[in-house]
Structure formats: structure tokens, C-alpha cells
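Q: Structure for this input, please:
(2 chains)
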Amino acid sequence: MSPRQSSLAIRLIIIAALLAVMLGLLVGAKTLSIETAMRVLLSPDGKIDSILVWTLRLPRSLTAAAGGAGLAVSGYVLQTLTRNPLADPGITGVTSGAVAPIVCCFVFMPLISPAYYPFIGLAGGLAAAAVTFWVSRGGQGRPLQLALGGVSVSLFLGAITTYVLLRTGPQSASLLFWLAGGFQGRSWSHLFYMLPWTIAGVVGALLLRRIIGMFMLSDHAAAGMGLQLSLWKPLILILAVIPVAGVAPVAGPVAFVGLAAPHIARLLKPRGTGWEIGLSAALGALIVTVSDLLARSIAIPRELPVGIVTALIGGPVFIYLVQRGRLSLAGETR
Amino acid sequence: MAAALAVLGVLSLAAAIFLGVADIPMADVVAVLTGGGSVEARLIILDIRLPRIATGILAGIHFSLAGYLLQTITRNPLADPSLMGVSQGATLSVTIFLLFTVYIFEPGSNTLAELPVAWLPTAGLAGGLLAGGVIYLLAFRLGLSALRITLCGVAVGAVLHAVAIGLIAGWGSARIEIILEWLSGSLYARSWDHALFLLPFTIAGLVTLPVLYRPLMLLQFDAPVARSFGLAYKRQFSLVLIVSSALAASAVGAVGPVVFVGLIVPHLARFLAGPNFTLSLVLTIVLGAVIVTLGDLIGRLLGQAEEIPIGVVTAVFGVPLLLALLRKTM
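A: Presented below is the predicted three-dimensional model:
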């Protein structure tokens, strides 16, 4: 795709995401008509429909969109950095690394303000990613090594999280709902809490697109182009974890979005790393908004956690990638 | 070596019988074992500790043998029931079973007391086998490639896990605690019924081992090499996968997903046995039983009244070992 087509594609996907957000204003326990939704959206009147749209549905959908964009960019950066098509915040253990210490803080140190959770998530996610990367030699060993290393780290943290939950008692129900990943009841404050991290991740990736692009070649080539690897590798890894640190405290683990969105973006063959990042972000926003829409409209009045929906969408994408031999990118052996 | 192992086995067994949160003097334990003892001591030893130990031994054999078989046929040193979706399949079916029993068995009521917990192992078994079957079908279509079967296992496992957590969160209500207890992999309150549930599978697994012996040796090689030795590759691969899934799924059903035993024990056994294939197989079985017994004892003693589930103990000890292995072997 030429840059013009890419920017058209991004605009189309953003419009689709906005349409999904709009649809999100209509659907729910009480269905609103388009006219009503538009009317209260443009001139809020403090009545029930207006409250429904402005304090429940709009912030929730926007939080989902921003979270999706952040996860997708994180996945894109991880995949490029490791040149491994299976890299994703979930698979590399970053998500569980961010989630487990937050659960522990919530249970054992309830006095710590939630304002610190993104920093705790950042530290935990970085630690988990560092272990996975150490095991898989920078993620550039066999794809299997990265996947198994990350899954093992996740299993380990998952066992501890389950145990903590088991000892928590009545609180465990709300923690569990958060652990299933979702946007139910997310408000403006959640959105503004998450937004700086998402923006830092997306804008940071766009600004550093040339350096991220260099990693696509190989360490040798990047070093040959004058890139100081010992400096940039850890920095780019931190950049990849930043959006997850924002999303995890708000939405919990939302699986497979970071894996699927960049792959779909690359299928569109945009020219240039910047466009790929932009497309990934837009697609991530679209996927999570639509998933959230499905999650809350399938089983009205109950809700499915959005994590189920994204897993059911992302799992087949993963298997498709494996089947299509797309792994050859990182050198499949056997 | 065999003697050292026998001593280790006997010692861990003795420790598991003699030690526990309830302080019972040694003489009383011996009295119970020889048919005497107080009512209280008999209750604790015969109805709590011994069935728990028996279930642990059988489950340990299941996990380690399942891991050994999986690792051999996928030629992947890191195969383990918990990395291949079997555990997650069992988890999901147990979750669904616990959530929906209320509609099936006692419509309208919401009490935990009458949950048909005795059916949990069967539900776990069914789900684990189903997940194993799905992964097998995917792998079969992919030409039984070791890499792809593992990656599919990882993906299927992640999806099943997400769905299970979602269901618990959405509909768990009063059952959350019992599901979490089971999810962390525990031998707590396991009775003779659990041991008896596992026994037929243990026997079937051990009986098929001599039949699988030669195919297993050949399955360590690439498909063409194995075929040139006259091996019906796909048939034998399928057979081993079925035995392995049945062992793992039944064990997960009985004690919950105890992670990493199936992964670590075969490595330990191969490390100790060297190139001796028979010895490594025997060691896998013995060490599986010993490690689960010891892990459970550690969890009981460390946690005291609020014991630490065996799944947590094995995760904490298993993961550092696994990560070191992962970096070294691949």
C-alpha cells in the first residue's frame, strides 16, 4: 500500500472504530434509538438516557478503544524487537507480570493508592519480560522458546495469583472479574488514568519508528547502521511495556489483541514502520471496541468479560499463523 | 542408585505419614499402622493422611509419565500437560460442571453443600481428553510437526483458560472459592475415592508401557527414520498421545492442575539415568510419586492450618528449574 492508501485505511478503521463506539452508546440493558443517543450526546440534559450515554456507555467504549490501541502497539513493538511473530504482551508474560503484583498489592497492601498501580505494573511487566527474553536469548531463539518461556512465566505468576485469590475471601469475586479482562463499569476517571500511558506508548512508538524499524533487519544490520544496541534494546522493551502498564490496572489482562492487530495491519502491507504502527493501533482499538460490544450484548442482562471474546477471536488467529507457517520469519526448525 | 532411590522413596513416604499439622507422637502412628491406636489418631492417619498420600503418589505418576510420553513423541523437551492445553481443558470442564450443576441437580437452590463434588474428576477427565483431542486433530492436519503441535497446545490452552476465568468471574458467585481451591492444584481433603478413581488409569498406563516401549524408542527420531525401522508412525504417535492425555486428564481431574511436575521430573530422570532408556522411564515413575508426596508435605507444613496447595509449591520450585533448562537446552 502506498502512504496515501495507508492513511485512507487508517481513516477507514478509525471511522469503523468510532461507529463501534457509537453502536456501544445504543446497545445495553436499555436500547436507545440513534436519534435519542445523538440528542443526549450533543445536549446532555441530566435525564436517565443522558446519564446512560455520558457516564456509562461513552467512557466505557472510549476506554476500550484506547486500551486496544495500547495493547496493539505493545504487541507490534514486541514482535518487531524480537523478530518473532508470536510475541505479544500475553505470550511474553508481560501482562501477567503487570497483573500479579497489582493483585498482591491490592490484597496485602491495600493502603497503596491505585495511582501507583501503573508503576507497579510497569516494573512487574518489565521483570517478567526480562526473564522471558533472557530465556529465549532476546526472543530471537526459536519461536517456541519465547512462547514456552512466556507461558511458563505466566503459569508461575498465575499459580501465585490464584493462591492469593484463594486466601483473599470475599474480595476475590471482584478481583476475578478484573482478572478476566473487561471494561464493565469503566468511567471517565479510568479513561484518564489510562490515557497518559497509552499515549506515551503510541506516540513514543511513532516517534521512535525508525529505530524500531531497524530491529526488523537483524542485530548485526542495526548495529551496522550505527544503532547502539545495549542502549536501545532495553529502551524499546520499556516502550513496549508502557501501554500495558496503563491498560492492566484498568482492564486486567485482555488476551491476544497485541498478537492479532499487528498481523492484520501487516497483511494490509502498508509502506513504512510508522504506518504499520498507526494501522496496528487503529485495528487494536477497533477489535477491542467490537469485542466489548459483543461481550455486553451477547448475554444481556449478564455480561461476558471481554477477555473471553478477544481470546476466542485471537486464538484462531494464532493457530492460523502457526498453520500458515508464518513462523518462518524467525526460522522454524524441524 | 536404585538403593538410594528406594531409601528416598521410603523416607518421603514415612515423613508424609508421620508429619503433619496434627501432632501425633511416633508411637501412636506406629500403633495405628499395626492396627491399634486411639480413635482420633486412626481417623487422622487412615482417613486423612493415607488417602491423601495415595492420591498424591498416583497423581504424581500420572503427571510425570504423561510428561515423559509427551516429551518423547513431540521431541520437545518442554512438553507438559499444562503447556499443551490438557490441564486447561480439564479446568474449563470442571468450571462449567460446577457452575451448571446448580441448574442440573438442584434447580432453584444455590447451596454449596450438595454439590456433587464426587463427579469432579470425571468432569476434569472429559474436558482434558477433549482438549487433547482438539490439539491432536490440529496437529494431525499440520503433519504432526513437533513445533506446531506445541504452539497449538499453547494457543488452545490460553483460549480455554481465558474462557474458564471469564465464566468463573461472570457466573461463579458462591462457587468461586471451591473452583479456586481446585484451580490451584491441591491434595487437600482427597479421599480414598480419589485414589480409586485414579487407580484404573494408573494400571492401564503402566500395562501399556511394555507395548509402547519399542515405539517410544523409535518415536524419538524423525518420522522418516522411525518409519524406516518399520514403525507405523501416525498410529503409534496417536496411541502414545492418547495414553498421555488420559493419564494427565485423570490426574488433573482428581487433584487439579499441578503444573510443572510433568515437565521437570522426566528431565531429572533422564539426567540421573543417562542414556539408559529403561532406567529413565522407571525413574520418571518413581520420582513423580516422590516429588508430589514431598511437595504436598512441604505445602502442609509450611502453610500450617492454611496449607499451601501443591500446585503453588511445584510452580515455585519448578519454574526456576524450567527456565534454566529452557535457556540451556534450546
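
Q: how close does the residue most central in space within chain A get to residue A:183?
A: Taking Cα atoms, centre = their mean as the criterion, residue A:71 is the residue nearest the geometric centre of chain A, at 2.0 Å. Counting by Cβ to Cβ, to the nearest Å, the gap from residue A:71 to residue A:183 is 13 Å. Every residue, glycine included, has its C-beta placed from N, CA and C.

Q: cool, residue A:279 as well?
A: 23 Å.

Q: do residue A:25 as well
A: When residue A:25 is compared with residue A:183 (using Cβ to Cβ), they lie 14 Å apart.

Q: In chain A, where is pLDDT below threshold?
A: A:139-143, A:325-334 (pLDDT under 70).

Q: typed the wrong thing, it's chain B
A: B:102-117, B:142-147, B:172, B:329-330.

Q: What residues does the stretch 51-200 of chain A have near chain B?
A: Within reach of chain B by Cβ under 8 Å from any Cβ of the partner chain, the stretch 51-200 of chain A has these residues: A:86, A:90-91, A:131, A:134-137, A:141-145, A:147-149, A:151-153, A:155-156, A:159-160, A:162-163, A:165-167, A:172-173, A:176-177, A:179-181.

Q: ok so, going back, which residues are in contact with the residue nearest to the centre of chain A?
A: Residue A:71 makes contact with A:89, A:243-244, A:247, A:254, A:257-258, A:261, A:284, A:288 under the criterion Cβ atoms under 8 Å, 6 or more residues apart in numbering or on different chains.

Q: same thing with residue B:327?
A: A:134-137.

Q: Redo those as a markdown table? Include neighbour count.
A: Formatted as a markdown table, the entries for the contacts of residue B:327 read as follows, by neighbours: other Cβ atoms under 10 Å in any protein chain shown:
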| residue | neighbour count |
| --- | --- |
| A:134 | 14 |
| A:135 | 26 |
| A:136 | 26 |
| A:137 | 15 |
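
Q: Looking at these, which are in helices?
A: With helices defined by DSSP state H, the entries of these inside them are A:134-135.

Q: Export the contacts of residue B:327 as JSON lines, with columns for distance to residue B:9.
A: JSON lines is the format used below for the contacts of residue B:327 (distance: Cβ to Cβ, whole Å):
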{"residue": "A:134", "distance to residue B:9": "35"}
{"residue": "A:135", "distance to residue B:9": "32"}
{"residue": "A:136", "distance to residue B:9": "36"}
{"residue": "A:137", "distance to residue B:9": "38"}
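
Q: filter the residues of the stretch 51-200 of chain A next to chain B to the buried ones?
A: Among these, those classed as buried by 16 or more other Cβ atoms under 10 Å in any protein chain shown are A:86, A:90-91, A:131, A:135-136, A:141-145, A:147-149, A:151-153, A:155-156, A:159-160, A:162-163, A:165-166, A:172-173, A:176-177, A:179-181.

Q: Could you check how many residues crowd around residue B:126?
A: 17 (other Cβ atoms under 10 Å in any protein chain shown).

Q: ok, now the one 3 residues further on?
A: By the other Cβ under 10 Å criterion, the neighbourhood of residue B:129 contains 21 residues.

Q: repeat for the one 5 residues further on
A: Residue B:134 sits with 16 neighbouring residues when counted by other Cβ under 10 Å.

Q: now swap in residue A:66 and tell me
A: Residue A:66 sits with 29 neighbouring residues when counted by other Cβ under 10 Å.

Q: Ok, residue B:292 next?
A: 31.

Q: In terms of helices and strands, where is it?
A: Secondary structure assigned from DSSP states H and E places residue B:292 in helix B:277-303.

Q: Which stretches in the stretch 201-334 of chain A count as helices?
A: In the stretch 201-334 of chain A, the helices defined using DSSP state H, counting those that start in this stretch lie at A:209-215, A:219-224, A:229-251, A:257-267, A:273-297, A:306-323.

Q: quick one, which of residue A:25 and residue A:183 is more surrounded?
A: residue A:183 (30 against 23).

Q: Pull the contacting residues for the more buried one.
A: By Cβ under 8 Å, 6+ apart, the residues touching residue A:183 are A:60-61, A:63-64, A:67, A:251, A:292, A:306.

Q: which non-adjacent residue is nearest residue B:70?
A: Sequence neighbours aside, residue B:79 is the residue nearest to residue B:70 in space, at 3.8 Å (criterion: Cβ to Cβ, 6 or more residues apart in numbering or on different chains).

Q: so where do the strands sit in chain A?
A: Assigned by DSSP state E, chain A shows no strands.

Q: For residue B:187, which three-state class applies?
A: coil (DSSP: H, G, I helix; E, B strand; the rest coil).
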